[in-house]
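S.K.: Can you look at this prediction? I've put the sequence above it.
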Amino acid sequence: MSGFLWSGLNVLVVLALLYLFFRVIILVKQYLGTGVAVLFIFGLLLISCRPTEAPALENINLLAGAAPTMLLGNASSRYSIPLGMGGQLQLLAEYQQEQQVVRPRGLYVLVSGLLIGHTWRPLVGRVKQAGQQLHYYVVMQHSWKLLRWTIFSEAREFEGLMPIAAAS
């Protein structure tokens, strides 16, 4: 519930700022002319469009310790975890499967959904065979943001079992 309230606060703040910017533009145009108002608009666009954080990381393999000589995975499993707020944490485990033995090769994490004011970034993860399932453990950094500025960050742990794909 707090996630929805935070997203709503972000939307309200953006709408209030847009209203204020339009009011200021009208005043600048009224007192200083159209040319200055256009320059003011371009200045605001330049300031608001610059990046405030590092570019997003590509989807990295959380099992970076896999030996480079190891064969590529011949099977994979997907699992979805609800995050609340309409978001989903998607896990993709890639592994080499021979009969009943599974050797993990990769673990990829993706967050999907409309998460206004929230960013999720994978920090660390592992996956291993647990009987006829895969045991996963993922740590994600959850950042609460207001207008792209991080207000609060926390580490969230996700742990559980996902099914192994049926051997063909």
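M.R.: Nice, thanks for sending it over. Computed from a predicted structure; not experimentally measured. Numbers count the residues shown, from 1 in each chain.

S.K.: which regions of the chain sit below the pLDDT cut-off?
M.R.: 1-2, 50-58, 65-71, 166-168 (pLDDT under 70).

S.K.: Which of the helices or strands spans the residue of it positioned farthest from its centre?
M.R.: Going by Cα atoms, centre = their mean, the residue of the chain most distant from its centre is residue 31, 44.2 Å out. Counting by DSSP states H and E, the element that carries residue 31 is helix 2-32.

S.K.: Centre of the chain to the helix or strand that comes right after that helix, how far?
M.R.: The element immediately downstream of helix 2-32 (helix or strand, assigned by DSSP H and E) is helix 34-49. Remark: helix 34-49 is offset 31 Å from the chain centroid, using Cα atoms, centre = their mean, to the nearest Å.

S.K.: now swap in stretch 129-143 and tell me
M.R.: Counting by Cα atoms, centre = their mean, stretch 129-143 comes out at 17 Å from the chain centroid.

S.K.: what's in contact with it?
M.R.: With contact meaning Cβ atoms under 8 Å, 6 or more residues apart in numbering, stretch 129-143 is reached by 62, 77, 79, 89, 91, 93, 95, 101-102, 104, 107, 109, 111, 118-128, 150, 152-164. C-beta coordinates here come from the backbone N, C-alpha and C atoms, glycine included.

S.K.: How is the protein partitioned into domains?
M.R.: 2-49, 75-163 (automatic domain parsing).

S.K.: Single out the most deeply packed of these.
M.R.: Of the domains of the chain, the one with the most neighbours on average (mean count of other Cβ atoms under 10 Å) is domain 75-163, at a mean of 16.

S.K.: Quick one: end-to-end length of that one, please.
M.R.: End-to-end distance of domain 75-163 (Cα to Cα, to the nearest Å): 12 Å.

S.K.: start at 128 instead
M.R.: New numbering, starting at 128: the last item is domain 202-290.

S.K.: The residue most central in space within the chain: which element?
M.R.: For the chain, residue 247 is the residue whose C-alpha lies nearest the centre (Cα atoms, centre = their mean; 3.8 Å). Under the criterion DSSP H and E, the helix or strand holding residue 247 is strand 245-257.

S.K.: Output that strand as CSV - backbone C-alpha positions only.
M.R.: Extracted in CSV, the C-alpha atoms of strand 245-257 (Å, rounded to 0.1, in the frame of the first residue of the first chain):
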residue,chain,number,x,y,z
HIS,A,245,10.8,3.0,-7.4
THR,A,246,13.9,1.5,-9.0
TRP,A,247,15.2,-2.0,-8.4
ARG,A,248,18.8,-3.1,-9.1
PRO,A,249,20.2,-6.6,-8.6
LEU,A,250,23.2,-6.8,-6.3
VAL,A,251,24.0,-10.5,-5.9
GLY,A,252,22.4,-13.8,-6.5
ARG,A,253,23.0,-17.5,-6.5
VAL,A,254,21.2,-20.6,-7.7
LYS,A,255,21.8,-24.3,-6.9
GLN,A,256,20.0,-27.6,-7.3
ALA,A,257,17.8,-28.7,-4.5
